[in-house]
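Peer 1: A predicted structure for the sequence below; I have some questions about it.
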Amino acid sequence: MPEKLKTTSKAAPQRTINEPRAEYLIKFYDNLKGERQNFEGYWQSLHDYFFIEAADVNAMIAAGSELRSDYLYDSTTLETADILASGFMNYLTPPTSKWFSLTPKEQTLKNNKVVGQYLEEVTDQVNDAINNSNFYNQIISSYKSSGVYGTSCILEEEDVHDDVRFYSLPIKQVCIVEDGRGRVTEYYIEFEYTASQAKSRWGEDKLSDKMKEELKAERRKEVKHKFLLHIAERHHRDVTKSDKKNMPIEALWIDVENKRTIDEGGYNEMPAMCHRFDKRPFIPWGLLTGNEGFAVRAHPQCSSKDQYACNDEAY
């Protein structure tokens, strides 16, 4: 029987005058997670048949145990997701060729040879940066998430060693907010770091006393701590300044346990990207386009050789 849909009566929390912003954002993130509960059961079912190497969505188990496949009749569903992701990779972003170019927005500049030559040089530099990064390692997972869940998110950030790094984000760690026209304007991304990992990102001075204690060699503990990254348009800034705290896009890192902001950054453009299939009005999440494949996987007589000749009951 289909799982009974869950409903929530939680309204978006209103920030009080004296409430710290970090605490307000944590509450709002919890509210967004409550609103997506109906999707989580659906995503978990898709995960179990099409994307077992991804993190579980609504199950709290040890890493590695999500790779269970004992109940799968064969590898048909796993292969279909891989084929779709490979097709996206080969047709949209082939690693062996240059798949993008830069052109000016201004129509009058498109015929300017100097501008064209400059943009060609910049295109080559961007292409080299992508090839030297982990882009192709991460984009294949993002394509697969798009095909399986109907939604995928990827995060880009600067890196000291590789210039730029990309992260295909597990769908369970991300909540998104739309504006009135259906554009994603806010990202709430949950991370888990040990004290040593947090130190490598922000330095020891910004860590809580508890995490500083865990860093001591004789008492070192590899305990995971939750952090929340909030990315959104910055509505209050000094446009005459160009420092990170006055850039158009804000990025706040929040220590969830201690409900405090530990780092504030900024971007000129949104560093997170979201792709959604079959977008419905007023629903931030994309939906899977090939729902008939989800019915096929449930029929035990279907195999990779006769999946198209299955009994009509599978549909």
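Peer 2: Sure thing, it's come through.

Peer 1: Quick one: end-to-end length of stretch 212-225, please.
Peer 2: 12 Å (CA to CA, to the nearest Å).

Peer 1: what's the answer for stretch 189-206, then?
Peer 2: So stretch 189-206: terminal residues 20 Å apart, CA to CA.

Peer 1: which residues are contacting that stretch?
Peer 2: Contacting residues not belonging to stretch 189-206 are listed as 29, 153, 155, 169, 173-174, 207, 211-212, 214-215, 220-231, 253, 256, 262-263, 272 [CB atoms under 8 Å, 6 or more residues apart in numbering]. In this view, the C-beta of every residue, glycine as well, is placed from N, C-alpha and C.

Peer 1: again, only using 7 Å
Peer 2: The contact list for stretch 189-206, computed with CB atoms under 7 Å, 6 or more residues apart in numbering, reads 155, 169, 173-174, 207, 211-212, 214-215, 222-229, 262-263.

Peer 1: mind showing which ranges of the chain have poor pLDDT?
Peer 2: Counting by pLDDT under 70, the ranges of the chain that qualify are 1-19, 60-67, 217-221, 289-315.

Peer 1: Tell me where this structure has strands.
Peer 2: Here the chain has its strands, by DSSP state E, at 151-159, 163-169, 174-178, 184-193, 225-233, 249-255, 260-267, 272-276.

Peer 1: what's the most buried one of the ones you listed?
Peer 2: When neighbours are counted by mean count of other CB atoms under 10 Å, the highest per-stretch mean among the strands of the chain falls to strand 249-255, a mean of 21.

Peer 1: what packs against that strand?
Peer 2: Secondary structure elements in contact with strand 249-255, counted by 3 or more CB pairs under 7 Å, 6 or more residues apart in numbering; DSSP states H and E, are helix 21-35, strand 225-233, strand 260-267.

Peer 1: got the CA coordinates for that strand in CSV?
Peer 2: Output in CSV follows, covering the C-alpha atoms of strand 249-255 (Å, rounded to 0.1, in the frame of the first residue of the first chain):
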residue,chain,number,x,y,z
ILE,A,249,25.3,37.0,-2.4
GLU,A,250,25.8,36.1,1.2
ALA,A,251,27.1,32.8,2.6
LEU,A,252,26.7,32.2,6.3
TRP,A,253,28.3,29.2,8.1
ILE,A,254,26.4,28.3,11.3
ASP,A,255,27.4,26.1,14.1
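
Peer 1: Identify the bridge partners of Arg165.
Peer 2: The residues listed as beta-bridge partners of Arg165 by DSSP bridges are Glu157.

Peer 1: For stretch 141-159, give me every contacting residue.
Peer 2: In this structure, residues lying in contact with stretch 141-159 by CB under 7 Å, 6+ apart are 43, 46, 50-51, 81, 84-85, 88-89, 138, 164-169, 171, 174, 189, 271-278, 285-288.

Peer 1: Repeat the analysis, applying 8 Å as the threshold.
Peer 2: Residues external to stretch 141-159 that are found in contact with it (CB under 8 Å, 6+ apart): 43, 46-47, 50-51, 54, 81-82, 84-85, 88-89, 92, 133, 138-139, 164-169, 171, 174, 176, 187, 189, 271-278, 285-289.

Peer 1: Of the strands of the chain, which is nearest Tyr73?
Peer 2: Relative to Tyr73, the nearest member of those by CB to CB is strand 151-159, separated by 26.9 Å.

Peer 1: Helices of the stretch 1-150 of the chain, start to end?
Peer 2: Remark: helices assigned in the stretch 1-150 of the chain by DSSP state H, counting those that start in this stretch are 21-35, 37-50, 76-92, 113-131, 135-149.

Peer 1: just checking, Val57 touches Arg36?
Peer 2: No: using CB atoms under 8 Å, Val57 is not in contact with Arg36, being 9.9 Å away.

Peer 1: returning to what we had before: rebuild the helices of the stretch 1-150 of the chain as JSON lines, extending it with mean neighbour count and distance to Trp99.
Peer 2: Putting the helices of the stretch 1-150 of the chain into JSON lines (neighbours: other CB atoms under 10 Å; distance: least, CB to CB, whole Å) gives the following:
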{"stretch": "helix 21-35", "mean neighbour count": "17", "distance to Trp99": "34"}
{"stretch": "helix 37-50", "mean neighbour count": "19", "distance to Trp99": "26"}
{"stretch": "helix 76-92", "mean neighbour count": "16", "distance to Trp99": "7"}
{"stretch": "helix 113-131", "mean neighbour count": "13", "distance to Trp99": "9"}
{"stretch": "helix 135-149", "mean neighbour count": "21", "distance to Trp99": "11"}
